[in-house]
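Asker: Structure of the sequence below:
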Amino acid sequence: MKKKIASILLVLGMVASFAACSKSEESTRATRETKETTEETTEDTEKETTEESTTEETTTEETTTESTTEETTTEATTEESKDESKETEESKDESKETEESKEESKGTEESKDRSGYSDKWVDFDNMFFTVDGKKFELGKSTLQDMIDANVPFAKKYESIYDEIMKKNQYSLMGMTFDLAKFHSASVKIMNLTDSEQKYRDCIIKSISLPSIDKIAEDEVKVEFGFPLDMTPDELLANAPKPDKDEVPDGSSTRTIEYKQKAKKFLGACYYTFKFKDGKLDSVSIDYLP
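Answerer: Residues are numbered from 1 along each chain as shown. The predicted model follows:
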């Protein structure tokens, strides 16, 4: 009997011991699972936190990039605006210069009114000049006509007015008359008749006007059927093709000459213009029938 009781107690002790061990293993496993769960939770949390942080940093970088882009765009727009403003100012300046050029051109055209001159600046059928508005025509007007018009010939010529010139001859020396203190013009005379003739009755054959740059100071004005402030291009545009147009090597003087063969005498009629540095320097017209 005692052996049965002892056997039962031994079995019960082993069951209890087994139960205790099982409970301990379950507790240990539960503890391990709890720890793993805790670790996973911690890792997930850290991962999420890291991802959120990374996302925030990315967002911050994107925001910074957008801000930089906006600043760059603003700077580019500002530079473009400055360039456009500069181009506008340059355009205004060019427009202003164009308007000023037009005004200067207009002023030049207005100052060079050619309406009072002959249609032909070189006209062999009407070779004339004026002295203080009084007209004299080569081949028709006489020396006496000029004397009567009070053209101021030099006093030394008064003694030869009544001298005789042979038929069909002309003077080789010009007779000068003063325009200002240091400026004068000169004429030559010719006897076209078949008999002797006094100088005063001879016709005016030619006139020469030098140093045209001095005419602004002249007290006595000599003028022609063409303007004395013309350019070579103006002359060529208002006259036939010249018989001579030359500039000697190394010279600033340009000679433009027109001629027409005489019908009665051996020789020709001439219009001779000499320009210096583009301005008319002297002119002479010479008649021969």
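
Asker: Run a quick neighbour tally on Gly133.
Answerer: Using other C-beta atoms under 10 Å, Gly133 is surrounded by 8 other residues. From N, CA and C alone the C-beta is placed, and that goes for glycine too.

Asker: swap in the one 3 residues further on?
Answerer: Here the neighbour count serves as a burial measure; for Phe136 (other C-beta under 10 Å) it reads 21.

Asker: What of the one 10 residues further on?
Answerer: Burial of Met146 is recorded as 21 neighbouring residues (other C-beta under 10 Å).

Asker: can you check the one 10 residues further on too?
Answerer: As a burial measure, Lys156 scores 9 neighbours (other C-beta under 10 Å).

Asker: Hmm, Lys135 is touching Asn126, no?
Answerer: No - taking contact to mean C-beta atoms under 8 Å, the distance of 10.3 Å between Lys135 and Asn126 leaves them out of contact.

Asker: So these two - more neighbours on which side?
Answerer: Shown here are Lys135 and Asn126; by other C-beta under 10 Å, Lys135 has more neighbours (13 against 10).

Asker: which regions of the stretch 101-250 of the chain sit below the pLDDT cut-off?
Answerer: 101-115 (pLDDT under 70).

Asker: Okay, strands next: where are they in it?
Answerer: Using DSSP state E, counting those that start in this stretch, the strands of the stretch 101-250 of the chain run over residues 128-131, 134-137, 164-165, 169-170, 175-180, 183-191, 197-198, 203-209, 222-223, 244-246.

Asker: So for Asp148, which of those strands sits nearest?
Answerer: For these, the distance to Asp148 is smallest for strand 134-137, at 9.5 Å, taking C-beta to C-beta.

Asker: helices and strands around the closest one, which ones?
Answerer: Using 3 or more C-beta pairs under 8 Å, 6 or more residues apart in numbering; DSSP states H and E as the contact criterion, the secondary-structure elements in contact with strand 134-137 are strand 128-131.

Asker: Contacts for the strand it packs on, please.
Answerer: Defining contact as C-beta atoms under 8 Å, 6 or more residues apart in numbering, one finds that strand 128-131 is touched by 135-138, 146, 149, 151, 177, 207, 220-225, 285.

Asker: Derive a PyMOL selection command for the buried subset of these.
Answerer: Command for PyMOL, covering only those of the contacts of strand 128-131 found buried under the criterion 16 or more other C-beta atoms under 10 Å:
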select buried, resi 136+138+146+151+177+207+220+222+223+224+225+285
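
Asker: ok, back up a step: would you mind giving the strands of the stretch 101-250 of the chain as JSON lines with distance to Tyr117 added?
Answerer: Written out in JSON lines, the entries for the strands of the stretch 101-250 of the chain read as follows (distance: least, C-beta to C-beta, whole Å):
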{"stretch": "strand 128-131", "distance to Tyr117": "11"}
{"stretch": "strand 134-137", "distance to Tyr117": "13"}
{"stretch": "strand 164-165", "distance to Tyr117": "33"}
{"stretch": "strand 169-170", "distance to Tyr117": "28"}
{"stretch": "strand 175-180", "distance to Tyr117": "20"}
{"stretch": "strand 183-191", "distance to Tyr117": "19"}
{"stretch": "strand 197-198", "distance to Tyr117": "33"}
{"stretch": "strand 203-209", "distance to Tyr117": "16"}
{"stretch": "strand 222-223", "distance to Tyr117": "9"}
{"stretch": "strand 244-246", "distance to Tyr117": "21"}
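
Asker: Among the ones you listed, which comes closest to Leu236?
Answerer: That would be, of the strands of the stretch 101-250 of the chain and by C-beta to C-beta, strand 244-246, which comes in at 8.0 Å.

Asker: buried ones in the helix or strand hosting Leu280?
Answerer: Assigned by DSSP states H and E, Leu280 belongs to strand 279-286. Using 16+ other C-beta under 10 Å as the burial criterion, the residues of strand 279-286 that qualify are 280-286.

Asker: Include distance to Lys198 and pLDDT when you put the residues you listed into CSV, please.
Answerer: As requested, the buried residues of strand 279-286 are arranged in CSV below (distance: C-beta to C-beta, whole Å; pLDDT from 0 to 100):
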residue, distance to Lys198, pLDDT
Leu280, 35, 97
Asp281, 35, 97
Ser282, 30, 98
Val283, 29, 98
Ser284, 25, 98
Ile285, 24, 98
Asp286, 22, 98
